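In: What shape does this take:
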Amino acid sequence: MTSAQSYKMKWPKVIASGIISLVIFLMLVVLIEGSVRWLYPEIPAQFSDRNLFDGHKYGQTYGYKALASGEELGALVITDEHGFRTSARSRQRNTSEHILVLGDSVSVGVGVEAEQTYPSLLEDRLGKGVLNASVTGYGIADYGKS
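Out: Numbers count the residues shown, from 1 in each chain. Next up is the predicted model:
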């Protein structure tokens, strides 16, 4: 048997073992996910409330709707009249001086309660109003667009 014939005979075995490995991996992922959901039902599913988003607010990407509230990755999100994320404490603050925060999901505080986002902590520390005009859902492709 030549090396070319031996090489051709190995490919079906390599492909078959690759497929079997992939199926076993996927079965383990499903088994682990199901076990965690069964053993820890108090952990909520991680999703974003569709009533909270405007699909094409910023061109091809989405942003928050004005005066909306909903849940995003387990945290309550409340928006003001401009669609900026805010907190109940921030809405009660009556100040004429404001700081504008621009950023991505880190500044928005995805999955974090509003009082724990850095714009909210900045507002508490400085005693001035902070407008959190950050957007969520931006990806690498969005930063490259002009």
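In: wait, what's in contact with the residue nearest in space to the middle of the chain?
Out: Taking CA atoms, centre = their mean, the centroid of the chain lies closest to V110, which sits 5.7 Å from it. Residues counted as contacts of V110 (CB atoms under 8 Å, 6 or more residues apart in numbering) are 72-73, 75, 136. The way it works is simple: take the backbone N, C-alpha and C, and place the C-beta from them, glycine included.
In: Would you map the helices across the protein?
Out: Assigned by DSSP state H, the helices in the chain fall at 3-39, 88-92, 105-108, 118-126, 140-144.
In: helices or strands up against the fourth one?
Out: So the one you mean is helix 118-126. helix 88-92, strand 98-101, strand 129-132 (3 or more CB pairs under 8 Å, 6 or more residues apart in numbering; DSSP states H and E).
In: Quick one: these as a markdown table, columns for mean pLDDT, distance to A66 and mean neighbour count too.
Out: Converted to a markdown table, the helices and strands packed on helix 118-126 look like this (pLDDT from 0 to 100; distance: least, CB to CB, whole Å; neighbours: other CB atoms under 10 Å):
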| stretch | mean pLDDT | distance to A66 | mean neighbour count |
| --- | --- | --- | --- |
| helix 88-92 | 80 | 13 | 13 |
| strand 98-101 | 91 | 17 | 14 |
| strand 129-132 | 91 | 13 | 22 |
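In: what would the ones you listed look like in JSON lines with distance to S21?
Out: Formatted as JSON lines, the helices and strands packed on helix 118-126 follow (distance: least, CB to CB, whole Å):
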{"stretch": "helix 88-92", "distance to S21": "51"}
{"stretch": "strand 98-101", "distance to S21": "46"}
{"stretch": "strand 129-132", "distance to S21": "45"}
